[in-house]
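Colleague: fold the following.
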Amino acid sequence: MSRTIFFLVKVFDREEYAKDFIKGKLFSNRLSFFRKYEEDESANRGDKYEGVVGWHQPDQIRLEINGKIITDLAGPVMTQMNWHDHLNVFCIYAAHSGDFYEISEETIEEFKKQISIPKECETLGDYAVIVTNFNKFIERVKAAASSNNYGLNAGLVEYYDPTSFNGSFSEVDSIFRKRDEYKHQKEYRFSFDTGIAGNDPLILNIGDISDITMQCKVSDINAQLEIKLPNGKIA
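Modeller: Presented below is the predicted three-dimensional model:
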């Protein structure tokens, strides 16, 4: 299903990082960083199930070793690709249309909730940079990746229910699939393949983006968000 992206929001825990982003520096950790990241908050930054290519419910798969069938599996059986560890990923919140095809007086309040920043996102930091022109931002990222000869895949992350989903994802699609406990992040993700293995993050310079961004506190975004219909109805 096609979704319209209205704006992007990048959250930072330090103001200097927000200013670096406005200067055009995209700090992108390896996927391995997120797989290994440990934190007190749940469904925040870390996710050991990043890049799952196979997720099979215990009653939907049969495991056999040397002719012996393994029974009583404790949970879903998942598979991941080791080479995904070396991809660099840049994650950003995307305020998009979701399931809305049109907005009316009856649906405007629900639509506002759809594009508002969830409270959970405040756990990522206090400082936010809003990207006001999605298409121009995408163009600049693509141009920078191309000039450096980096492979690039980008798109909205789709979320699945780990208690019921049973199946596989392609190696590329799996980078853009996460368990639904992360769905509040409404993530748009860039995956860069530099062709270099390792653990080092990538700092991709896309050039100054102050013309398409604005900085604010994360806690102020929803209060400043206003939607107005042609008939004057405001939410």
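
Colleague: and the helix ranked longest in the chain, what does it pack onto?
Modeller: When the chain is parsed with DSSP state H, its longest helix is helix 134-147. Here helix 134-147 touches strand 5-12, strand 151-156, strand 202-205, going by 3 or more C-beta pairs under 8 Å, 6 or more residues apart in numbering; DSSP states H and E. Quick note: C-beta positions are derived from backbone N, CA and C, even for glycine.

Colleague: identify whichever of those lies nearest to residue 226.
Modeller: Residue 226 sits nearest to strand 5-12 of all the helices and strands packed on helix 134-147, at 12.5 Å, using C-beta to C-beta.

Colleague: got the angle between the closest one and helix 134-147?
Modeller: Relative orientation of strand 5-12 with respect to helix 134-147: 60 degrees, computed using axes from the mean of the first three to the mean of the last three C-alpha atoms, to 10 degrees.

Colleague: and strand 5-12, what's buried?
Modeller: Under the neighbour-count criterion of 16 or more other C-beta atoms under 10 Å, strand 5-12 has 5, 7, 8, 9, 10, 11, 12 buried.

Colleague: distance check, the last one against residue 145.
Modeller: Spelled out, that is residue 12. Between residue 12 and residue 145 the distance, using C-beta to C-beta, to the nearest Å, works out to 22 Å.

Colleague: what's opposite the residue nearest the centre of the chain in the beta bridge?
Modeller: The centre of the chain sits closest to residue 187, judged by C-alpha atoms, centre = their mean, with a distance of 2.7 Å. As for beta bridges, residue 187 partners with residue 93 under DSSP bridges.

Colleague: ok, now which ones touch it?
Modeller: Applying C-beta atoms under 8 Å, 6 or more residues apart in numbering to residue 187 gives the contacts 91, 92, 93, 94, 156, 157, 178.

Colleague: now do residue 49 against residue 32, distance only.
Modeller: Distance from residue 49 to residue 32, counting by C-beta to C-beta: 13 Å.

Colleague: that older thread, buried subset of the contacts of residue 187?
Modeller: Burial by neighbour count, 16+ other C-beta under 10 Å: within these this picks out 91, 92, 93, 94, 157, 178.
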